[in-house]
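Visitor: test case, fold it:
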Amino acid sequence: MNHVRCRFASVCAVFVPILTLACGMPAIAEGPAAPRKQDRLVIHEWGTFTCLQDELGNSIPGVNTDDESVPEFVHRIADLIPRTSELAPVYSKGVPRSHRQVRMRLETPVVYFHPPAGLTQPLHASLTVDFRGGWLTEYYPAASVIAPGLKDGNFRFAGLTPQTRGSLDWHDLTIGGDYPLPETDAQVWLAPREVDAATVKAPGGEAEKYLFYRGVGNLPSPITVSRPSGSDELIIREDMPADLGLRAPLAIRALWLVNVRDDGQVAYRSLGAAGLTGARGRELMRTAAVFRDGSGTPARDQSGGHGQTSRPETAAKAFSGGNLARLRAEMRKELIADGLFEDEADAMLKTWELAYFKSPGVRLLYLLPQQWTDAVLPMKCSLAAEVSRTMVGRIELVTPRQRALIKKIGSSAVAKTNWLFEQSHSGNGRNEMFAKLWEGKIRFDELKLAVPPEYQSYLDLGRFRNALILNEVTVHPQSGLQRFVEEYHLGYYTPDDGPTVSSAAGNE
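Guide: Got it, this is the predicted structure:
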């Protein structure tokens with residue numbers, strides 16, 4: 001019963017010069033996308049690094065929640081670990097849910113291969129990706145996985161630190177050809193297929209239009225966003241660790257502050273570009289924390305004389321559906337300028353439509369410097385190629401409304417926790433409903449159930465609800481939330497007993 005309740009709660013629950021990859025050609029950092037009729041192999045990648053930050057700009061842990069699950073045929077690191085108990089934890093992003101050491105999510109990077117024009121035979125190549133400060137937990141097609149302790153059977157989802165290093169190695173890939181692709185109806189999987197790229201096949205026969213992987217990390221975001229108490233401003237600062245060895249300056253091409261309301265209406269503010277100097281804590285700019293009718297207020301540049309000038313924000317009038325189309329158009333233009341082909345930019349925005357544009361909340365979206373990506377997520381390919389990597393940083397911000405909801409939950413009585421079971425139909429219909437809830441295919445409001453008030457407040461917290469609740473209980477143990485956490489089994493994941501390895505080395 002505890003296991004069932006745990007599953008139930010889970011539902012309702014990126015300074016060296018530009019890195020020259022082993023692929024042989026310099027990575028593309030800026031400029032428009034290359035012509036499609038290229039005379040060499042071109043490798044393009046896109047993905048997102050996501051974190052949740054509080055009002056002080058601190059990263060909140062436990063953010064590994066499966067907002068949009070990938071198909072079951074995707075490989076997971078958990079499948080390589082012997083099960084020590086029949087009562088397995090609920091997995092999110094390939095690791096146990098609400099993992100206390102997870103401060104960043106590496107979400108849905110996909111790697112496309114564009115062979116030279118006129119090539120009549122498939123290419124053969126191997127590609128390796130490392131994650132500095134994280135584990136690579138889900139991937140397709142099949143690959144060799146490296147994580148601390150995994151080879152020796154000592155991996156227990158423990159010891160995730162900024163020094164941890166996880167790797168994936170795809171050997172002897174066949175690039176080009178006509179091969180059957182796995183069947184799925186998952187939008188997050190189908191959208192990336194809508195790109196004119198070569199099909200890639202692994203030795204075991206698994207094929208797709210791209211290489212897919214994602215993971216979780218315990219490393220700082222390169223920028224932070226804080227909101228001082230009593231202030232109506234957000235302060236954006238850089239937070240680049242010196243041990244990445246990056247050489248300043250690094251350019252963030254564009255930043256956007258986005259606010260999505262529960263009714264789907266969107267307000268956003270374009271904040272222009274920013275430059276990173278390597279001075280941790282250095283203020284980049286300030287911007288209003290709220291959106292009002294009119295042309296908005298300028299974002300005050302605090303570059304310290306590094307060549308940037310103050311610029312006005314994009315006019316952000318009242319919340320509206322029209323703002324979404326304008327934001328998408330701006331982001332598409334910048335993604336293409338950063339190196340993606342047009343259909344790749346379209347596929348990225350379509351894949352991330354829910355997380356970027358339709359999930360209620362306040363978030364900062366920005367284009368990461370490729371140098372940062374190359375340092376945190378180094379890639380090696382056995383063939384010479386032009387490589388362009390476009391990653392979006394996504395910082396979810398804790399809002400006053402969420403703080404009010406947390407307070408409300410903490411001050412409310414906890415109803416009996418079997419209310420969902422009591423209101424659901426018996427037999428196979430109920431099991432099917434639970435399965436759809438766990439997979440994110442239906443929502444509670446579609447079921448027209450009588451949801452207890454405190455649980456509705458919990459749902460209203462959004463996709464990072466568990467991380468918010470557990471962080472509040474940790475920071476303020478007397479907040480009144482402890483009973484809610486206990487009743488719905490929302491505690492942080494604690495690795496089981498046994499040998500653990502937390503060194504930076506893998507299993508070579």
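Visitor: count of residues packed around the nearest residue in space to Gly153 that is not next to it in sequence?
Guide: In space, Gly153 comes closest to Pro82 once its chain neighbours are excluded; the distance is 6.8 Å by Cβ to Cβ, 6 or more residues apart in numbering. Every C-beta, even on glycine, is put in place using the N, C-alpha and C of the backbone. Counted with other Cβ atoms under 10 Å, residues neighbouring Pro82 total 6.
Visitor: quick one: Pro82 from Glu344, how far?
Guide: 39 Å (Cβ to Cβ, to the nearest Å).
Visitor: and what of His489?
Guide: 41 Å.
Visitor: for the stretch 151-300 of the chain, what spans make up the strands?
Guide: Secondary structure of the stretch 151-300 of the chain (DSSP state E, counting those that start in this stretch): strands at 165-175, 200-201, 207-208, 211-217, 223-226, 233-238, 250-260, 266-276, 283-288, 300-301.
Visitor: and among those strands, the most buried is which?
Guide: strand 211-217 (a mean of 25; mean count of other Cβ atoms under 10 Å).
Visitor: what angle sits between that strand and strand 165-175?
Guide: 180 degrees (axes from the mean of the first three to the mean of the last three Cα atoms, to 10 degrees).
Visitor: low-confidence bits of this structure, can you list those?
Guide: 1-37, 66, 83-89, 93, 293-317, 424-431, 434-442, 496-508 (pLDDT under 70).
Visitor: thought Arg97 was touching Asn64?
Guide: Yes - using Cβ atoms under 8 Å, Arg97 makes contact with Asn64 at a distance of 6.6 Å.
Visitor: CSV for the strands of the stretch 151-300 of the chain, including distance to Thr108?
Guide: Converted to CSV, the strands of the stretch 151-300 of the chain look like this (distance: least, Cβ to Cβ, whole Å):
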stretch, distance to Thr108
strand 165-175, 14
strand 200-201, 16
strand 207-208, 13
strand 211-217, 5
strand 223-226, 21
strand 233-238, 25
strand 250-260, 19
strand 266-276, 22
strand 283-288, 27
strand 300-301, 32
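Visitor: could you measure from the residue nearest to Gly153 over to Ala318?
Guide: Pro82 is 56 Å from Ala318, by Cβ to Cβ.
Visitor: Leu52 now?
Guide: For Leu52 relative to Ala318 (Cβ to Cβ), the value is 27 Å.
Visitor: more neighbours: the two, which one.
Guide: Of the pair Leu52 and Ala318, Leu52 is the one with more neighbours under other Cβ under 10 Å, namely 26 against 11.
Visitor: now the more buried one: how far from Glu422?
Guide: Distance from Leu52 to Glu422, by Cβ to Cβ: 33 Å.
Visitor: ok so, going back, Leu119 is nearest to which of the strands of the stretch 151-300 of the chain?
Guide: strand 165-175 (9.3 Å; Cβ to Cβ).
Visitor: just the CA coordinates of that closest one, formatted as PDB?
Guide: Provided in PDB are the C-alpha atoms of strand 165-175 (Å, rounded to 0.1, in the frame of the first residue of the first chain):
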ATOM      1  CA  ARG A 165      31.200  12.300 -14.400                       C
ATOM      2  CA  GLY A 166      28.700  10.200 -16.400                       C
ATOM      3  CA  SER A 167      29.200   9.000 -20.000                       C
ATOM      4  CA  LEU A 168      27.500   7.500 -22.900                       C
ATOM      5  CA  ASP A 169      29.300   5.800 -25.800                       C
ATOM      6  CA  TRP A 170      27.600   4.900 -29.100                       C
ATOM      7  CA  HIS A 171      29.900   2.500 -31.000                       C
ATOM      8  CA  ASP A 172      29.800   1.900 -34.700                       C
ATOM      9  CA  LEU A 173      26.800   3.900 -35.600                       C
ATOM     10  CA  THR A 174      25.400   3.600 -39.200                       C
ATOM     11  CA  ILE A 175      24.500   7.100 -40.400                       C
END
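Visitor: beta partners for the residue lying closest to Ile395 once chain neighbours are set aside?
Guide: Nearest non-adjacent residue to Ile395, counting by Cβ to Cβ, 6+ apart: Leu364, 4.4 Å away. Bridge pairing for Leu364 (DSSP bridges) gives the partners Leu257, Ile395.
Visitor: looking at the strands of the stretch 151-300 of the chain, spot the one closest to Arg326.
Guide: The nearest among the strands of the stretch 151-300 of the chain, by Cβ to Cβ, is strand 266-276 at 7.8 Å.
Visitor: please save the CA atoms from that closest one in PDB.
Guide: What follows is strand 266-276, C-alpha atoms only, in PDB (Å, rounded to 0.1, in the frame of the first residue of the first chain):
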ATOM      1  CA  VAL A 266       1.500  34.800 -21.600                       C
ATOM      2  CA  ALA A 267       3.500  37.900 -20.800                       C
ATOM      3  CA  TYR A 268       7.200  38.100 -21.600                       C
ATOM      4  CA  ARG A 269      10.100  40.500 -21.700                       C
ATOM      5  CA  SER A 270      13.100  40.300 -24.000                       C
ATOM      6  CA  LEU A 271      16.200  41.200 -22.000                       C
ATOM      7  CA  GLY A 272      18.700  41.300 -24.900                       C
ATOM      8  CA  ALA A 273      22.100  39.800 -24.600                       C
ATOM      9  CA  ALA A 274      24.700  39.500 -21.700                       C
ATOM     10  CA  GLY A 275      28.400  38.800 -21.400                       C
ATOM     11  CA  LEU A 276      30.000  36.600 -18.700                       C
END
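Visitor: for that strand, packing partners?
Guide: Under the contact definition 3 or more Cβ pairs under 8 Å, 6 or more residues apart in numbering; DSSP states H and E, strand 266-276 sits against strand 233-238, strand 250-260, strand 283-288, helix 321-337.
Visitor: perfect, that will be all.
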